[in-house]
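Visitor: here is the input, now give the coordinates:
(one chain, ligands or ions: 1)
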Amino acid sequence: MLENLIAQPADKILALMAAYKADPRDTKVDLGVGVYKDASGNTPVMRAVKEAERRILADQSSKSYTGLAGDPAFSDAMIDLVLDGAVARDRIAAVATPGGTGAIRQALELIKMAAPDATVWLSNPTWPNHPSIIKYLGMKMFEYRYFDSETRGVDFAGLIEDLGTVPAGDVVLIHGCCHNPTGANLTAEQLSEVIALLKSRGAIPLVDIAYQGFGDGLDDDAQATRAIASSFDEVLIAASCSKNFGIYRERTGILMAISATAEGQPLTQQTLAFLNRQNYSFPPDHGARVVTTILTDPELRADWEAELEETRNGMLALRQQLADELKRLTNSDRFSFLADHRGMFSRLGTTPEMVEKLRADHGIYMVGDSRMNIAGLNAKTVPILAKAIVDAGI
Ligand code: LMR
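Guide: Below is the predicted model:
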């Protein structure tokens, strides 16, 4: 049986992680996978997470099953963090999932059950695992223009033109904030236009929000998701706690599914619980419990928010330093987009050949589409990267 298997394509981001590990050069710089690193290259456990874990260790008296949807307190806390009352609670069904990827997977499975013929529209480019999972599930997908490779901003005219052709009932995947892989984001005015257009088309939004707190702040980063959630009858939202709580390996995420009415919610909730049962039964609890402990304790929450702000401001400072250094070296504003982008990533906008040259000549690892993880930099490696970019003739 197993000899019938066909080798599957390697995930580009994870393959890059392995290649970086295997590189013996001590000058190498990892700008690959989306993991936050501090100035010493460590991915720290956040203070509030450590304290929440200490409390859980001391107080938890049972490891028995929770519910198929996970702990309801986790859903309540996350719905509050992401939506902050933008939608009546009784319209929202929610399940805990293994990370944001689990939430995306469950959202797609839900779409497949409810609308097997729906096409899922993806921004071009998007996180590579989006099309990969859609293809794996045998669903239909289509791309809408998103990135302008000249300005390295959003190709808004192209986006509007493409989304203007979405048929009623199709699903449009929108990055809630900190677009992955480009770092280019819609303004509030542009988002309003997109919402009006998609409403007029009868489309259903699927929001992927994996970096809340990494762009302009916890609340600002949720504004697009809240505006979408309050504008449509039906919305799906996949949220991740991997990055903003720094609990990557705990696999902590949530899928929220907003029904048109409170009367529709129980059927959606029951279906989501069914999907959890089919795929992995009870979702992981530890990370979710850590998140709930932090979000429901004012002191822990304040400390978490403060550390998240330090992280965010650190990334913004690195962006600015890189843009300034490139301005100095090129005597131009060609790279000013790096300071305008938000979140963990920026797409440099160069060819795979140049990306390979940076890796071979300088040990700088970025994804083949020239996505850089800004958090992989520090004050010392920024000038090295800037010089390498200029030397390569990018
Ligand atoms: C990324 O885009 O690098 C992260 O979301 C990690 C992953 O799972 O790909």
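Visitor: what residue in the stretch 251-394 of the chain comes nearest to the ligand?
Guide: Nearest to the ligand, among the residues of the stretch 251-394 of the chain, is Asn373, at 7.0 Å (CB to the nearest ligand atom). Bear in mind the C-beta positions are built from the backbone N, C-alpha and C, glycine included.
Visitor: now swap in the chain and tell me
Guide: Gly34 (3.1 Å).
Visitor: give me the neighbour count for that residue.
Guide: Gly34 is flanked by 23 other residues according to other CB atoms under 10 Å.
Visitor: how about it, phi and psi?
Guide: Gly34 has phi and psi values of phi -80, psi 70 when expressed as degrees, to the nearest 10.
Visitor: again with Ser240
Guide: Main-chain torsions, Ser240, degrees, to the nearest 10: phi -120, psi 140.
Visitor: can I assume Val95 is in contact with Ser281?
Guide: No - with contact defined as CB atoms under 8 Å, Val95 does not reach Ser281; the gap is 11.7 Å.
Visitor: looking at this, Lys387 is in a helix?
Guide: Yes - Lys387 forms part of a helix when assessed by DSSP: H, G, I helix; E, B strand; the rest coil.
Visitor: name the nearest residue to it, sequence neighbours excluded.
Guide: Leu329 (6.8 Å; CB to CB, 6 or more residues apart in numbering).
Visitor: that neighbour and Ala392, how far apart?
Guide: 12 Å (CB to CB, to the nearest Å).
Visitor: is it true that the residue of the chain closest to the ligand touches Met366?
Guide: No - using CB under 8 Å, Gly34 makes no contact with Met366, being 11.7 Å away.
Visitor: list the residues that contact both of those two?
Guide: Common neighbours of Gly34 and Met366, using CB atoms under 8 Å, 6 or more residues apart in numbering, are Asn373.
Visitor: close to the ligand: what parts of the protein are there?
Guide: Selection of the chain residues close to the ligand by CB under 6 Å from any ligand atom yields Ile13, Val33, Gly34, Trp127, Asn129, Asn180.
Visitor: any weak-confidence spans in the stretch 201-350 of the chain?
Guide: Regions of the stretch 201-350 of the chain meeting the criterion pLDDT under 70 are absent.
Visitor: so what's Leu385 up against?
Guide: Leu385 touches Val29, Leu31, Leu322, Ile364, Met372, Leu377, counting by CB under 8 Å, 6+ apart.
Visitor: and of those, the nearest to Ala58?
Guide: Nearest to Ala58 among the contacts of Leu385 is Leu377, at 37.9 Å by CB to CB.
Visitor: list the residues that contact the residue nearest in space to the middle of the chain.
Guide: For the chain, the residue sitting closest to the mean C-alpha position, by CA atoms, centre = their mean, is Ala210 at 2.9 Å. With contact set as CB under 8 Å, 6+ apart, Ala210 has these partners: Gly100, Gly176, Cys178, Asn180, Ala238, Ala239, Ser240, Ser242, Lys243.
Visitor: do you know how far it is from Ala115?
Guide: Distance from Ala210 to Ala115, by CB to CB: 24 Å.
Visitor: mind giving me the packing neighbours of the longest helix along the chain?
Guide: Ordering each helix of the chain by length in residues (DSSP state H) puts helix 298-330 first. Counting by 3 or more CB pairs under 8 Å, 6 or more residues apart in numbering; DSSP states H and E, the packing neighbours recorded for helix 298-330 are helix 47-59, helix 286-295, helix 337-340, helix 381-391.
Visitor: mind putting the ones you listed into JSON lines with distance to Arg226?
Guide: As requested, the helices and strands packed on helix 298-330 are exported to JSON lines (distance: least, CB to CB, whole Å):
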{"stretch": "helix 47-59", "distance to Arg226": "24"}
{"stretch": "helix 286-295", "distance to Arg226": "17"}
{"stretch": "helix 337-340", "distance to Arg226": "23"}
{"stretch": "helix 381-391", "distance to Arg226": "34"}
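Visitor: and the chain, what are its domains?
Guide: The record's domain split for the chain, according to automatic domain parsing, is 11-46+308-391, 65-296.
Visitor: columns distance to Leu2 on top of those domains, output as a markdown table?
Guide: Shown next, in a markdown table, are those (distance: least, CB to CB, whole Å):
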| stretch | distance to Leu2 |
| --- | --- |
| domain 11-46+308-391 | 21 |
| domain 65-296 | 19 |
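Visitor: among those domains, which is the most enclosed?
Guide: Among those, ranked by average contacts under mean count of other CB atoms under 10 Å, first place goes to domain 65-296 (a mean of 20).
Visitor: could you tell me the end-to-end distance of that domain?
Guide: 21 Å (CA to CA, to the nearest Å).
Visitor: kindly report the same for stretch 373-387.
Guide: Terminal-residue distance, stretch 373-387 (CA to CA): 17 Å.
Visitor: likewise for stretch 369-377?
Guide: Taking CA to CA, the first and last residues of stretch 369-377 lie 18 Å apart.
Visitor: which other residues reach that stretch?
Guide: 29-37, 125, 180-183, 311, 314-315, 318-319, 322, 344-352, 354-355, 366, 385.
Visitor: sort out for me which of these are in strands.
Guide: Counting by DSSP state E, the part of those found in strands is Val29, Asp30, Phe345, Ser346, Arg347.
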